[in-house]
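# Provided below are the primary sequence and the corresponding predicted coordinates.
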Amino acid sequence: MNWLWDLNPELVAIVVFAGIAGVGGWLHAAALALFGALGLMASLVLYLWQRTCLVGLAYSRRLSQHRAEFGEHVTLESELVNDKLLPLPWIRVTDVVPERLDFPGLSVEHREEEGDRALLQAFSLLPFQRSLRRIEIVCDHRGRHLFGGSEVRSGDPLGLRHRVARQERADELVVYPKILAVPPLDLAARTPIGERRARSLLLADPTRIAGMRQYRAGDPLRHVDWRATARSGELLVRDFEATTNPRVAVFFDLDQSGSEGAEEAREFSLSLAASFVVHFGGKGLPVGLFGPGLADGDPVAADPSSAPDAIGRMLELLALCEPDPQANLAGVLNLESRRLRRQALVLVISSRFSPTVLGVLAEVRRRAPVTALFVDGPGSLAPPAGTVDAILRTERPRDWRRSDALALTE
């Protein structure tokens, strides 16, 4: 009898109650026969219930989007359909979800045996009923987040037996780094033509008029404003702004020391890189991105571009970026800066401007002006005056993820 019980308890119950009903009928014991008949019917119902509970039951889930900004709320829709006459008083759905995302108000448990994190949901469905739930996800951690398989479990109303259906599927959600508003700033520049105001007057841009001034010997006659001259009675010429339209190359460093706080320092560095990429791209400037990291096994390197999808591609690189143990800031600067055009402006983000990095920057400055963004903090090393063309300073606040703007000083 043990092998039959292990096979299916409902079958054992059916055999037992059928025997009781038969004995009761043979002995003309009405109560015993009724008891056996009722038990037999209940056992048959439970057996059929647990055998067919998952028939016609369909579960699906979908994300409202697969790319999200830091702090954005994304919706996970989970839909369960019971396409049959049998009601289901209990259904449990388990979804494998990312470790570092927050699901406010929902039951999420860490499963040590499976080594994952599971989102638990409970349903009950009437015949031909559909249940749609919208689950809010708070995207408060950068990176690629994977949603794993699903498990749907249901059974008889007493919970004596259940059946399980598994779906092996994966959904991906990529969260970009935190983007901070960058205050107005001037990078060190040497190239005079373009759309940005230059720090010093190297060449006038005839498309931008700054004002009027008296004529001086050597001024081109085409710059004379004859109407202003007629009104004032003296010869006046248009004064033009000096401008520059550079390509900006953003280089960032990653703390690979393995010390306490290294991960937080890396996240802040990636946030700074993303903030400046968005800042310069928003001004219509061609911007590029380089750093000692890997994204899907490829180096984080994007040449300066003003293409419509350039900013999105660079944010994707930063979202997927992991430190490359074989790379460092000095090596990336040495390799990538050689391919930049001479009118490029170089911004280097780091907390440690070591002698090796400064040596490479000395070579870079022969081809392009360099602005250093020094991130002050424990173990940091600032660039000495004169080793770069300009120095900006910032520090990482403890609650920088809750900040909206970046604080910079010169």
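Yep, that arrived. Residues are numbered from 1 along each chain as shown.

# got a pLDDT number for Val45?
Val45 carries a pLDDT value of 68.

# repeat for Asp6
49.

# what sits against Leu236?
Residues near Leu236 by Cβ atoms under 8 Å, 6 or more residues apart in numbering: 212-215, 224-225, 228-229. Every C-beta, even on glycine, is put in place using the N, C-alpha and C of the backbone.

# which ones among the residues you listed map onto strands?
If you go by DSSP state E, the contacts of Leu236 have 212-214 in strands.

# which among those residues end up buried?
Among the ones in strands among the contacts of Leu236, none is buried by neighbour count (16 or more other Cβ atoms under 10 Å).

# in a markdown table: those, plus pLDDT.
What follows is the ones in strands among the contacts of Leu236, written out as a markdown table (pLDDT from 0 to 100):
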| residue | pLDDT |
| --- | --- |
| Met212 | 73 |
| Arg213 | 75 |
| Gln214 | 79 |
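
# now tabulate the contacts of Leu236 in TSV and tack on distance to Ala273.
Formatted as TSV, the contacts of Leu236 follow (distance: Cβ to Cβ, whole Å):
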residue	distance to Ala273
Met212	43
Arg213	42
Gln214	47
Tyr215	48
Val224	48
Asp225	45
Ala228	47
Thr229	51
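
# list the buried ones in stretch 165-178?
For stretch 165-178, a neighbour-count test (16+ other Cβ under 10 Å) marks 171, 173-178 as buried.

# so how far is Glu69 from the residue lying closest to Asp102 once chain neighbours are set aside?
Closest residue to Asp102 apart from its sequence neighbours, by Cβ to Cβ, 6 or more residues apart in numbering: Val138 at 4.2 Å. Distance, Val138 to Glu69, by Cβ to Cβ, to the nearest Å: 12 Å.

# and if you look at Leu333?
29 Å.

# Glu263 too?
For Glu263, the distance to Glu69 equals 21 Å [Cβ to Cβ].

# what about Arg134, helix or strand, and which?
Assigned by DSSP states H and E, Arg134 falls within strand 129-138.

# what comes into contact with that strand?
Taking Cβ under 8 Å, 6+ apart as the rule, strand 129-138 contacts 71, 73-82, 101-104, 106, 119, 121, 123, 125, 173.

# just the buried ones out of the residues you listed, please.
The buried subset of these (16+ other Cβ under 10 Å) comprises 74, 76, 78, 80-82, 101, 103, 119, 121, 123, 125, 173.

# between those residues, which is nearest Asp399?
Closest approach to Asp399 among the buried ones among the contacts of strand 129-138 (Cβ to Cβ): Leu101, at 19.6 Å.

# point to the residue nearest the middle of the chain.
The centre of the chain sits closest to Val175, judged by Cα atoms, centre = their mean, with a distance of 0.9 Å.

# identify the bridge partners of that one.
Judged by DSSP bridges, the bridge partners of Val175 are Ala68, Gly143.

# likewise Val224?
On the basis of DSSP bridges, Val224 is bridged to Val237.
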